[in-house]
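S.K.: Can you look at this prediction? I've put the sequence above it.
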Amino acid sequence: MKIEETNLPGVFIIEPKVIGDERGYFFESYRDDLFQEKIGKINWVQDNESLSTKGVLRGLHYQLPPFAQTKLVRIIKGSVLDVAVDIRKGSPHFGKHTIIELSETNKRQLFIPRGFAHGFLVLSDSAIFAYKVDNYYSKECDRAILWNDSDIGVNWGVNPGEVQLSEKDINAKAFSEAEVFSFQDLYV
C-alpha cells in the first residue's frame, strides 16, 4: 500500500497493491498499522455507502465540531471526481482544494482529515461510493458550501446545467458565508 500526501498537508492518496489474475483481484483496502505509521491513529466509527448516477454532484459537505469528521473515501463501482477543500480558519491552505479521480479501476482512496469540506461528481453511468468516518452524523452540525463557489474555484470539468444536485446542495452557502472553524476546534 502506497500512501502519499497531496498538495494539501494532511490529505493523502492511498494506492493499494492489487493482486490480480484471470480469476479476479484482491487488495487490502485498509490496514491499521500502515495508517498509524503514515497518517496516525484513527478511530473509525461508521462506514457509509451511496449509489449515484452520472452527473450527480454531492458536496461540498462538512460537519461542525463537535461532530467534525475525518473520512476515508473510495469507489467500489464506477468513477468520480473527488474534491477536498481546507476550511480551517488560520490554515496557510485555507480555501485551497485538491482534486483526484477515484475509480473502480485505479482503486485509489482519499484520506480527508477533519477541517475539510468534501464533494464528488459522478463521471460514470453510476457509481458506488464507500467511506469510513471517525465521528457520527449530526443533522444539527451538517453544513454545505456551494460546489461552484468562485472563491474556491474547483474545475469540475462539467457544464453547470448537466449537474444534478440535492436540495441541500442547491441551497448551500457561499464559501465567504460558510461557518468554518479553527485548528483548535477540530478535536473537541
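M.R.: Perfect, thanks for sending it.
S.K.: who does the residue nearest in space to the middle of the chain bridge with?
M.R.: Nearest to the mean C-alpha position of the chain, counting by CA atoms, centre = their mean, stands His118 at 4.2 Å. Using DSSP bridges, the bridge partners assigned to His118 are His61, Ala84.
S.K.: looking at it, it is touching Lys71, isn't it?
M.R.: Yes. In this structure, His118 is within contact of Lys71 by CB atoms under 8 Å, at 6.0 Å. (C-beta placed from N, C-alpha, C; glycine too.)
S.K.: Common neighbours of these two, please.
M.R.: Ile112 (CB atoms under 8 Å, 6 or more residues apart in numbering).
S.K.: which helices and strands does the longest helix seen in the chain pack with?
M.R.: Counting by DSSP state H, the longest helix found in the chain is helix 32-38. Applying 3 or more CB pairs under 8 Å, 6 or more residues apart in numbering; DSSP states H and E, one finds that helix 32-38 contacts strand 2-5.
S.K.: mind redoing it with 10 Å?
M.R.: strand 2-5, strand 12-15 (3 or more CB pairs under 10 Å, 6 or more residues apart in numbering; DSSP states H and E).
S.K.: right, so of these, which gets closest to Leu57?
M.R.: strand 12-15 (20.9 Å; CB to CB).
S.K.: Can you give the strand pairings for the closest one, parallel or anti for each?
M.R.: Strand 12-15 has these strand partners (DSSP bridges): strand 2-5 (antiparallel), strand 109-112 (antiparallel).
S.K.: quick one: low-confidence parts of this protein?
M.R.: Applying pLDDT under 70 to the chain flags residues 183-188.
S.K.: Identify, out of the helices and strands packed on helix 32-38, the most deeply packed stretch.
M.R.: strand 12-15 (a mean of 19; mean count of other CB atoms under 10 Å).
S.K.: hang on, the earlier thing: who's in contact with the longest helix of the chain?
M.R.: When contacts are defined by CB atoms under 10 Å, 6 or more residues apart in numbering, helix 32-38 is touched by residues 1-5, 12, 14, 28, 31, 41-42, 44, 72, 111.
S.K.: which one of these sits closest to Pro65?
M.R.: Ile42 (16.8 Å).
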